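Engineer: just to be clear, the model below is a prediction. Sequence and coordinates:
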Amino acid sequence: MASNGRDSAGNIVSQLSQLADRHLYLVRSISTGLAIAGAFLFAKSIKLTTKFTNAKGIPEKFIRKNVKLQGKLRCITEQGLEVEHIPITLPIVSFFQKKWHSDGSLLIRLAGVELTGCGKIWLRNRLHPSQMLWFQLLSREDSVLDCFILVHRRGLFNECLNVEILRQGLGKVSRVPRIDEHPTLWKFYKRLLQAEVKAQKKGKGMWKRESQLNMLTNKMLNNNIVQKLKQLASNIVNYWKKYRT
């Protein structure tokens, strides 16, 4: 009897084991699906998978934290860069994400940079349509985003176009909107000022003419004829003072 009981219990365990083996793939698939769904819902709740087609649709906390977003360049206009935002995609559900996303682009300006005519030409030569880039949110003014724009270059480093333009003397530093409201923006502003000072010292771009003018002015001031004229003028002034007294 005891032997029959043990055999019966063993058969039950064996049958349960076989049942679990047959449905193991199903269980794993369900677990994976639930994990992906949970990750997607979490990402969607914090707007990581949302495609932004309007500057006003970007959460304020993204701008306060200077979040970096990825995008694809559409074109360069007089107002700035038109960029199509590329949100984070998740495996398996990426097909459905594309269906949910609407079309549209964001208008982006180079934060803290006033471009010269040569700077605009340089920018058009540096970038090309459909090029991927990153834009770091600094501030928002109506429907325009002021950003640090980063493009991938050789090696592991990204190039900041804002800083590079100023370093080449192809623009000058301008006011960063809302900098007084967000103290964290001062560190970005400092980087821009440092780049402009380097261009001034090296006489690059727009600062080249100014440095040449300064050199010419210094030469004229140090000229012997100029020195004699200055001395003559000084003597006339002294003589006039003595004459009046």
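Structural biologist: Ah, there it is.

Engineer: wait, what's in contact with residue 138?
Structural biologist: 63, 66, 111, 146, 147, 148, 176, 185, 188 (Cβ atoms under 8 Å, 6 or more residues apart in numbering). All C-beta spots, glycine's among them, are computed from the backbone N, C-alpha and C.

Engineer: and it, what element?
Structural biologist: Here residue 138, judged by DSSP states H and E, is contained in strand 132-141.

Engineer: again, but for residue 71
Structural biologist: Going by DSSP H and E, residue 71 is part of strand 68-76.

Engineer: how about that strand as PDB, C-alpha atoms only?
Structural biologist: Extracted in PDB, the C-alpha atoms of strand 68-76 (Å, rounded to 0.1, in the frame of the first residue of the first chain):
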ATOM      1  CA  LYS A  68      19.200  66.200 -24.400                       C
ATOM      2  CA  LEU A  69      17.000  65.000 -27.200                       C
ATOM      3  CA  GLN A  70      17.900  63.400 -30.500                       C
ATOM      4  CA  GLY A  71      16.700  64.700 -33.800                       C
ATOM      5  CA  LYS A  72      17.100  64.700 -37.600                       C
ATOM      6  CA  LEU A  73      17.800  67.900 -39.400                       C
ATOM      7  CA  ARG A  74      15.200  68.900 -42.000                       C
ATOM      8  CA  CYS A  75      16.500  72.300 -43.100                       C
ATOM      9  CA  ILE A  76      18.200  75.500 -42.000                       C
END
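
Engineer: tell me the angle of the helix or strand following that strand relative to strand 132-141?
Structural biologist: Following strand 68-76 in sequence order, the next helix or strand is strand 81-85 (DSSP H and E). Between strand 81-85 and strand 132-141, the angle comes out at 110 degrees (axes from the mean of the first three to the mean of the last three Cα atoms, to 10 degrees).
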